[in-house]
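# no FASTA, just this:
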């Protein structure tokens, strides 16, 4: 036998194959699905990175039918739970859902279902799973053994992920309390840094990492440079009107979402809106209208989209820049799930950077906040004989009203991680290191780690800006980002997927179809003019370069942030950015001195 030939892979178990066809209606598995299913069936911890539309849910639903125990699925999206539970029920598979949208009677029925031996799958939100009362109920009930824990949208657990959700950092504590069954972590997007972080935070044991790639040849990426918010809004409105088929328009802020929604209604477009400030019932009705084609366009913040199984989305417009390429790829990737072409357009205006910087500023607790929380925990716990805080987050919110709830949760989890506290069976927080002698050194290191995370977030934002300003192939930039954006401090290593373009360009993005003319320097411009023997009498202004100091009448000196044709974005003191026509700018004398 040729030693270079791989041995033939054993066929799937006959019961699995029968279930695949009879229950789910698929003749065969897609690329990557079989590898994930084999890993799960063998009892391994598994991290699967599979793009939108690759069939991640089947990777746990098919094995769940073969396990003796129950499969627990942790998902951040109530709407996704509802859709998947409905499909499973229609297929005759016993399941239950637990989330905040249930009525009292529905919640009672769901809890009763937990004791049924026939229950195959239970869907919960991360907030529900880490709730002490829920964990106590699970322990008290005679529930089936948990054979597998599935963490959907696993990037939310990562300090480098684009949608960090504090409840995710407590998941491993809850999983350990449930007997630490094998874990399957699923996500559509993850850089090597995010993958490393997922495995570290979930304490995965010799995990099998299965990465099926990023490139999708039906997505057509493009960026349009905008000079002010008014023109950007007009262009978003125009694109949403002229693009054919269903589409999503993403906004970074609720205010812009509402403004575009109103403008589209006025323009006669069948449109719905979706953001976190709307009531759950309103969001649900909006999603139903979009999914059932009663609305052609959905205007939304990033609260909408994860797990949305609508195959025929033909365009995705970002009316404001997201905070990372992770977020951009995942949101744009909701287009074209049916394999047909979908247009993904980013309307880029530099002021969007300030919006994302504001979001980042509230993401992690500072070193000072962590120290305040630690000191407050000691003070409150020492007031009790048992050194235990009951309902600790509520007590901390009362004691530190100026600290956000998310930051309190992250800080409290950190105190547990460094051994200063431990969680009691009923969800309390027991002080272990009373005088702080053991924890103080670790506390300082952990506080500095959050500073490093904030720095990394800023670097990720700069990658997003570079993508928007680049003249390179859009797909080339995305593939390089997801293959090589690593955490240099990591002790977890694995080979990135092969270059899916073979070192070439996509040939379909705006920069490939219409390569921009890039002028490297004023000297090059002069040389080109000589070669072409340009003799126009009109006065021309040599182009400005990013980082160059310029003078603007009324505003003074600033630094060039971006050049797009005749438009030049200039950043002044206090990070104020304005856009001007190039001929109104002068080079600063200080730049040439």
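Yes, it's here. Just so it is clear, the structure is predicted and the values come from calculations on it, not from any experiment.

# what about the strands in the stretch 401-550 of the chain?
Applying DSSP state E, counting those that start in this stretch to the stretch 401-550 of the chain gives strands spanning 421-423, 429-431, 549-552.

# between these, which one is nearest to residue 318?
Nearest to residue 318, of all the strands of the stretch 401-550 of the chain, is strand 549-552, at 28.9 Å by CB to CB. (Each C-beta comes from the backbone N, C-alpha and C, glycine too.)

# tell me what the next helix or strand after the closest one is packed against?
Of the helices and strands lying after strand 549-552 in sequence (DSSP states H and E), the nearest is strand 556-564. Packed against strand 556-564, as judged by 3 or more CB pairs under 8 Å, 6 or more residues apart in numbering; DSSP states H and E, are the following elements: strand 549-552, strand 567-571.

# give me whichever of those is most buried.
The highest mean neighbour count among these, using mean count of other CB atoms under 10 Å, belongs to strand 567-571: a mean of 21.

# who are the packing partners of it?
When contacts are defined as 3+ CB pairs under 8 Å, 6+ apart, strand 567-571 sits against strand 549-552, strand 556-564, strand 577-581.

# strand partners of that strand, parallel vs antiparallel please.
Strand pairing for strand 567-571, using DSSP bridges, gives strand 556-564 (antiparallel), strand 577-581 (antiparallel).

# per the record, what domains does this protein have?
According to automatic domain parsing, the chain comprises the domains 14-211, 219-359+457-513, 367-453, 522-592.

# could I get those as CSV with mean pLDDT?
Shown next, in CSV, are those (pLDDT from 0 to 100):
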stretch, mean pLDDT
domain 14-211, 82
domain 219-359+457-513, 87
domain 367-453, 78
domain 522-592, 68
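
# coming back round to it: mind putting the strands of the stretch 401-550 of the chain into JSON lines with distance to residue 408?
Below are the strands of the stretch 401-550 of the chain laid out as JSON lines (distance: least, CB to CB, whole Å):
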{"stretch": "strand 421-423", "distance to residue 408": "13"}
{"stretch": "strand 429-431", "distance to residue 408": "12"}
{"stretch": "strand 549-552", "distance to residue 408": "43"}
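
# what's the helix or strand hosting residue 281 in contact with?
Assigned by DSSP H and E, residue 281 belongs to helix 280-291. For helix 280-291, contacts defined as CB atoms under 8 Å, 6 or more residues apart in numbering pick out 78-79, 100-101, 246, 272-275, 278, 294-295, 298, 303-304, 308, 310.

# and if we set it to 10 Å?
78-79, 82-83, 99-101, 246-248, 261, 270-279, 294-300, 303-305, 308-310, 313 (CB atoms under 10 Å, 6 or more residues apart in numbering).

# which of the residues you listed count as buried?
78-79, 82-83, 99, 101, 246-248, 261, 271-275, 278, 295-300, 303-305, 308, 310, 313 (16 or more other CB atoms under 10 Å).

# buried stuff in the helix holding residue 281?
Buried, per 16+ other CB under 10 Å, within helix 280-291: 283-284, 286-287, 289-291.

# rewinding a little: nearest to residue 176, out of the strands of the stretch 401-550 of the chain?
Closest to residue 176 of the strands of the stretch 401-550 of the chain is strand 421-423 (CB to CB; 10.0 Å).

# ok, residues contacting the closest one?
Applying CB under 10 Å, 6+ apart, the external contacts of strand 421-423 come out as 130, 132, 135, 170, 173-174, 177, 374, 377-378, 381, 387-389, 392, 412-416, 428-433, 439.

# mind checking how far that strand is from the chain centre?
Using CA atoms, centre = their mean, to the nearest Å, the distance from the centre of strand 421-423 to the centre of the chain it belongs to is 29 Å.

# who does it pair up with?
Taking DSSP bridges as the criterion, strand 421-423 forms sheet pairs with strand 429-431 (antiparallel).

# ok, back up a step: TSV for the strands paired with strand 567-571, including mean neighbour count and distance to residue 42?
Formatted as TSV, those follow (neighbours: other CB atoms under 10 Å; distance: least, CB to CB, whole Å):
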stretch	mean neighbour count	distance to residue 42
strand 556-564	18	51
strand 577-581	17	54
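
# in TSV, list these along with distance to residue 252.
As requested, the strands paired with strand 567-571 are exported to TSV (distance: least, CB to CB, whole Å):
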stretch	distance to residue 252
strand 556-564	18
strand 577-581	16
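
# quick one: whichever strand or helix holds residue 380 to chain centroid distance?
Element membership for residue 380 (DSSP H and E) is helix 367-381. Computed by CA atoms, centre = their mean, the separation of helix 367-381 from the middle of its chain amounts to 30 Å.

# returning to what we had before: want to throw the buried residues of helix 280-291 into TSV with distance to residue 189?
What follows is the buried residues of helix 280-291, written out as TSV (distance: CB to CB, whole Å):
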residue	distance to residue 189
283	23
284	26
286	25
287	22
289	27
290	22
291	22
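
# what about residue 38, how many residues close to it?
Residue 38 has 19 neighbouring residues, counting by other CB atoms under 10 Å.

# give the helix, strand or coil label for it.
helix (DSSP: H, G, I helix; E, B strand; the rest coil).

# residue 506 versus that one, what's the distance?
32 Å (CB to CB, to the nearest Å).

# mind listing what's buried along the lengthiest helix in the chain?
Using DSSP state H, we find that the single longest helix of the chain is helix 439-469. By neighbour count on 16+ other CB under 10 Å, the buried set for helix 439-469 is 439, 442-443, 446-447, 450, 453, 457, 460-461, 463-465, 467-469.

# now do stretch 175-182: everything it contacts.
Stretch 175-182 has contacts (CB under 10 Å, 6+ apart) with 39-40, 42-46, 67, 69-72, 74, 129-130, 132, 135-136, 138-139, 143, 145-151, 172, 183, 202-205, 207, 423, 425.

# mind doing that once more with 7 Å?
Stretch 175-182 has contacts (CB atoms under 7 Å, 6 or more residues apart in numbering) with 43-45, 135, 138, 146-149, 183.
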